[in-house]
Every structure is written in structure tokens, then in C-alpha cells.
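Q: need coordinates for the below:
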Amino acid sequence: MRNINDYLKNIIGAEFSKIFNVSNVTIEKSSFVVEYPKNKSDGELSTNICMVLAKEISANPVEAAKTLIKSLDKIEDFEMLEVAGPGFLNFNISKDTWFKFLSQLLETNLLFNEEIGLNKNINVEYVSANPTGPLHIGHCRGAVFGDVLSNLLNVTGHNVTKEYYINDAGTQIDTLANSAIIRIQEIINNKSEENYPDDFYPGEYLIDIAKKIIDKYGTSILDSDNHFSTIKDECVNLLLENIKEDLGKLSINQDIFVSEKELITQGKIDQTIEELKNMNLIYEGILDKPKGKQIEDWEPRKQLLFKSSEYGDEIDRPLQKSDGEWTYFANDIAYHYDKYLRGSTHLIDILGADHGGYIKRMSASVQALTKNKARFTAKLCQMVKLISDGKELKMSKRSGDFITLSDLVEKVGSDSIRFMMMYRKNEAPLEFDFKKITEQSKENPVFYVQYAHARISSVLKNLHSQNIKLNLENFSECNFSELNDDSEIFLLKKILDYSNIINTSVSLYEPHRIAYYLYELASEFHSLWNQGKVDNSKKFIDADNIPKTYARMALLIATQRTIKSGLDILGVSTPDEMK
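A: Coordinates of the predicted model:
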């Protein structure tokens, strides 16, 4: 077994089953865990098995734990077993057990279970910004989160489709075209408009778009009968090119771009509505007046409704507007059904925090149309605050005053953005401080983690320069018991926790845990490095003690491999040298 927690769970579960005559199936289905206690004084590891299964065996959890201790105490892996609180069992494990798993990691280079998602097809849709302007800082967090989550799912064996939904139909695209026409007129007439419409897109990017359209079609473009349609298509295509280019600067390259306009013209919305009708999930009805908010133009009218309340939603949802057009929700239902028909059985949407009300209705539609063969998950990302010189930068897309994603990448680099966007849970507010992110210190997490990787590379180069020849490809001859300093053991334990971190990150779809973990791992490493500065006996290389040097090189290589694995998932580089 590659995961030390799973190894210990199997032993503890088997002993519990034998002592209390509980089936393995019951134990496996329970919520019992082996985990690291929050306080190191509580021992290296802890399990809640006696509390979780107390009712099953009709026993007091504390008494059950005392009985279990007597059995586990006979197994050489376990040391210092004790009962804590209402029935937790805290324990240490032998150094030989830790060393066994370090040896296994170095031998196989398998840092975690790469088959968690075997035969699971997942569609992750992220960014999906309206193609009405360049990507800005507001799109950045969801873009990075979706990409990192996709990476995480990929490396754990899932079949992942990374997707972008192009909202290229609707009034916002008409507004975009009208705004571009104004810019085209300004260029042709060499004169700025005095009064812009209220819904005008003011950004200067449209001047460049207008120039490109004129370069392609000439100054007579506005004289053609179908100029509005032509300009609308050109705007979308040009802005989508810019969006893809900007995402590329952030090392984001999605597999599929799906057009809302094409879904409509291909009749997929009509087909989906017909499918719901055949399932008797659509009816004509009158919705109650919304509670808690005043809507001036609300009227009690009959409309086409989807029975989403039968699938956990608060109310049934309208599918058609008063003018006969399908609602945005109807289009979205068809789009998600299309994802399922293309082979994905788990649909994950990365959304802004203001889309919380969208989740239940979307989940209801997926349940209904797939007959519960697919599931829907939404991950909400809170907004990002930009901090410069201790002050928040205020931005407004409406006024055209915002920082583009491209500008941000140019200012601080892709690595810093990607790491920092993952350094908080997606549902928590995030502050992006320009000062901290450019510091070369512990206060800059991405630097701190990358510096650990670079420092290990420097140690390995130093080993070579001292002409110390060790087999760093095969550690079968390495005596790991030379690792006897507490700081070395702390680092070893942290390395072996990586597999557990990956498992948890996948099961909860919370890749931010990897960024947290990498910072903690780097901290353990830097602590060990700093001890060597003041105590020569703790330096990684000791030419007079080759066995100890060999064991320490094994520890460093395992650390570096783990850092590289985590940073690869985050899409962050692993430099061997840092200025």
C-alpha cells in the first residue's frame, strides 16, 4: 500500500473486526479515519474507530479503545498507544514503519493513488466569460481554480474534459456589436461621439477591434445590408482569440469551446425541451410573486415551467420569456444535457460567488434529464481584492477601468498568480497583495515553496562537486535509520502525508489543500536547512559520514519529488535556481 494512513486503517480495522466480531463491510462503510491530530502532543496519529462504531458493538467508546489498545500493542508498527477524550485512540508508529514507506516512495516514485478516478468521465467548465471584452482580475480566480482542479483530477486517473462555454447569443452580444459600430463610425469620421448610450461598452479594446474590422472589410462596412451580423460575429471571434491568448499566458489551455449560438441554431434547446415534455416535466402554470424583493414589472401570467421542485429546488423554473424566446436557464439545461450526451457523467461548473441560487435548479435539470445517471457539482469562487501599497484597488468594468488578466501576468508572472489564487479556499475572500507577491521571503508562499525545490537542487549539485558518489536512482542499500533527528522525522512524516492530502483534495474537490500542504512541507525543509547553518552535524552533506549523507539525500529527493508533484498540479514551475 502506498498510503500509510490506509495501511494503518487496514490493520486497525482488522483488529477491531476480530475483537468485536464486526464485519469488514460494516467497518469499511463507516466514517472511521486515521489522521494527524492538530496538536503534536496528542501523538503522531489518531483514530476515531471506537467512537464511530460504539453503537454497533453496544460498548462505551473509551472502554472499547482500551480493549483495542491491548491488541494493537502486540503489533510492531504501533507505539505509545493511549485513549483520549471521549474515545479517540492516539498513537505513534515505529520509525521502521515510516522508513518502510519512504523506501517504497523512492523505489516506485508513486506519491499517491493514480487510479482514484479510473473510468470516471468528468466535465469541468470554467471561465466561460462573456466574449464582450478582455479577461480581467475578476475572471482570474475561477480560471485558475478550474484549471488546477482539472489537473488534480487528471493525475488521479479521471477522464477530464476542460471546457469553456461561449455566451455568444443574447442581448449582451447585440450591445457589443452596437458599441463596436460606434467605434467604427468614430474612426471613419475621425470624430468621437459626444453622447454614448447607457449600455455602451466603454473599454478602449473596442477601438482595436473596430480597426481590425475596418482593415478586413474596408470603410464601407457599415453600408452593407448584413453589416450588423458581420460585425457581431467578428467581435465575438476577435475577442475569443484574445481570451484564448490571455488564458495561454496563464498556462490555461482548454479542450473544448462550445458556442451557445450553435446550440440554438442546431436545435438542441428545442430538442431538450421536447425531451422534458415527453418526461412530463413541463407544464403551463403561474408562479407566485417572488418573496423578499420588489419587481415592478412582475405580473401573474401563465408560462412554461420545469418541475424542478420535484428534484430538490425551491420552486419550479420558467423556461420561456414573454416574447417567446427561451430563458437563459432553458439554454443552460440544453447545454448541460449536451455535456452528458457527449459522455460525461459528472458535470462540474466553476462559478462566481453570486451564482449560488443557480445550483439547485441546475442540479435538478441534470438529475431529471439523465435519470440520475449523472451528477452536477458547482464550486463557487469568491471575488479577489487587489492590494497595492496597503490599499485596495477599486475597479469598474462598466467604466472600463479594470486590470486585465494579461496586465496582471505581465506584472507578477503566471506562477505567482496561479499559486496565490489557490492559497485560499475557493469560497473564502482572497486578497492579492502586490508587495507580498514580489518579496523573496517566507511571506511570499510561491517563492518559499519554489526556493525549497531550488535549495535541494543546490545540495545535489554540491554533492557532485565534492565528488561524493551515491546511487540516487536506487536506495535499496540506504540505511534510513541514519535519520534520527526529530526535524528529519518531522519532514519525513510530512512527505508521507501527501498521498492523504491528494485523496482529500479529490474527494472534496478542494485543490487549495495542496497549496497549503506545499507551504507546510517547504517550512519543514527550510527549518532543517537553517539548523545546518548553525550546527555542522546537521548539514545535509558530511563527507566523513557517507551513510548519514546517503540517508539525508534520500530524504531530500523525496521532498523535492513531492514539491514538484504538487507544483505541477498547481501549474507552477519548479526552478533549480533562483536569483
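
Q: quick one: the helices in the stretch 301-450 of the chain?
A: Applying DSSP state H, counting those that start in this stretch to the stretch 301-450 of the chain gives helices spanning 328-341, 359-370, 405-412, 414-421, 434-437, 445-465.

Q: please identify the most buried of those helices.
A: helix 414-421 (a mean of 24; mean count of other CB atoms under 10 Å). Glycine gets a C-beta too; all of them are placed from N, C-alpha and C.

Q: helix/strand/coil for the nearest residue to Phe88 once chain neighbours are set aside?
A: Nearest residue to Phe88 in three dimensions, chain neighbours excluded: Ser46, at 5.4 Å (CB to CB, 6 or more residues apart in numbering). Assigned with DSSP: H, G, I helix; E, B strand; the rest coil, Ser46 falls in the strand class.

Q: what's near enough to touch Ser46?
A: Val34, Glu35, Tyr36, Pro37, Ala84, Phe88, Leu89, Asn90, Phe91 (CB atoms under 8 Å, 6 or more residues apart in numbering).

Q: which of the residues you listed has the largest number of neighbours?
A: Neighbour counts for the contacts of Ser46, by other CB atoms under 10 Å, peak at Leu89, which reaches 27 neighbours.

Q: so is it in a helix, a strand, or just coil?
A: Going by three-state DSSP: Leu89 is strand.

Q: point out where the stretch 401-550 of the chain drops to low pLDDT.
A: 401-402 (pLDDT under 70).

Q: again but with the stretch 251-400 of the chain, I slipped
A: Low-confidence segments of the stretch 251-400 of the chain (pLDDT under 70): 292-299, 395-400.

Q: can you tell me how far the most centrally placed residue in the chain is from Lys442?
A: With distances taken as CA atoms, centre = their mean, Leu149 lies nearest the centre of the chain, 3.3 Å away. Using CB to CB, to the nearest Å, we find Leu149 at a distance of 27 Å from Lys442.

Q: again, but for Asp349
A: With CB to CB as the criterion, Asp349 and Lys442 are 36 Å apart.

Q: of those two, who's got more company?
A: More neighbours surround Asp349 than the other of Asp349 and Lys442, with 25 against 13 (other CB under 10 Å).

Q: next up, the contacts around that one.
A: Glu125, Tyr126, Met362, Phe376, Thr377, Ala378, Lys379.

Q: try it again with 7 Å
A: Residues near Asp349 by CB atoms under 7 Å, 6 or more residues apart in numbering: Glu125, Ala378.

Q: tell me what it is bridged to.
A: Glu125, Ala378 (DSSP bridges).

Q: give me the distance between it and Ile417.
A: 22 Å.

Q: ditto for Leu386
A: 11 Å.

Q: returning to what we had before: distance to Asn109 and pLDDT added to the contacts of Ser46, as CSV?
A: Shown next, in CSV, are those (distance: CB to CB, whole Å; pLDDT from 0 to 100):
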residue, distance to Asn109, pLDDT
Val34, 24, 93
Glu35, 25, 89
Tyr36, 24, 86
Pro37, 29, 84
Ala84, 36, 91
Phe88, 34, 93
Leu89, 33, 95
Asn90, 32, 94
Phe91, 29, 95
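
Q: pick the one among those closest to Ile19.
A: Leu89 (12.7 Å; CB to CB).

Q: pull the contacting residues for the closest one.
A: So Leu89 contacts Ser46, Thr47, Cys50, Ala65, Leu68, Ile69, Leu81, Val83 (CB under 7 Å, 6+ apart).

Q: just grab the bridge partners of the second one for me.
A: Beta-bridge pairing for Thr47 (DSSP bridges): Val34, Leu89.

Q: who's in contact with it?
A: Per CB under 7 Å, 6+ apart, neighbours of Thr47: Ile12, Phe32, Val33, Val34, Leu89.

Q: can you rerun that using 8 Å?
A: Leu8, Lys9, Ile12, Phe32, Val33, Val34, Glu35, Phe88, Leu89, Phe91.

Q: how about these in TSV, adding distance to Ile57?
A: Compiled in TSV, those are given as follows (distance: CB to CB, whole Å):
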residue	distance to Ile57
Leu8	20
Lys9	18
Ile12	14
Phe32	12
Val33	18
Val34	19
Glu35	22
Phe88	16
Leu89	14
Phe91	20
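
Q: can you list the helices and strands that the longest helix seen in the chain packs against?
A: The longest helix of the chain (DSSP state H) is helix 546-570. Where contact means 3 or more CB pairs under 8 Å, 6 or more residues apart in numbering; DSSP states H and E, helix 546-570 is packed against helix 95-108, helix 137-155, helix 445-465, helix 486-496, helix 498-508, helix 512-534.

Q: list the buried residues in it.
A: The neighbour-count check on helix 546-570 (16 or more other CB atoms under 10 Å) flags 548-567, 569-570 as buried.

Q: give me the neighbour count for the closest residue to Gly285 other than its chain neighbours.
A: Distances taken as CB to CB, 6+ apart place Leu305 nearest to Gly285, at 4.9 Å, with adjacent residues excluded. If you count neighbours by other CB under 10 Å, Leu305 ends up with 20.

Q: ok, Leu305 - contacts?
A: Ile282, Tyr283, Glu284, Gly285, Leu287, Asp316, Arg317, Pro318, Leu319 are the contacts of Leu305 under CB under 8 Å, 6+ apart.

Q: list the buried residues for stretch 167-179?
A: Applying 16+ other CB under 10 Å to stretch 167-179 flags Asn167, Asp168, Ala169, Ile173, Leu176, Ala177, Asn178, Ser179 as buried.
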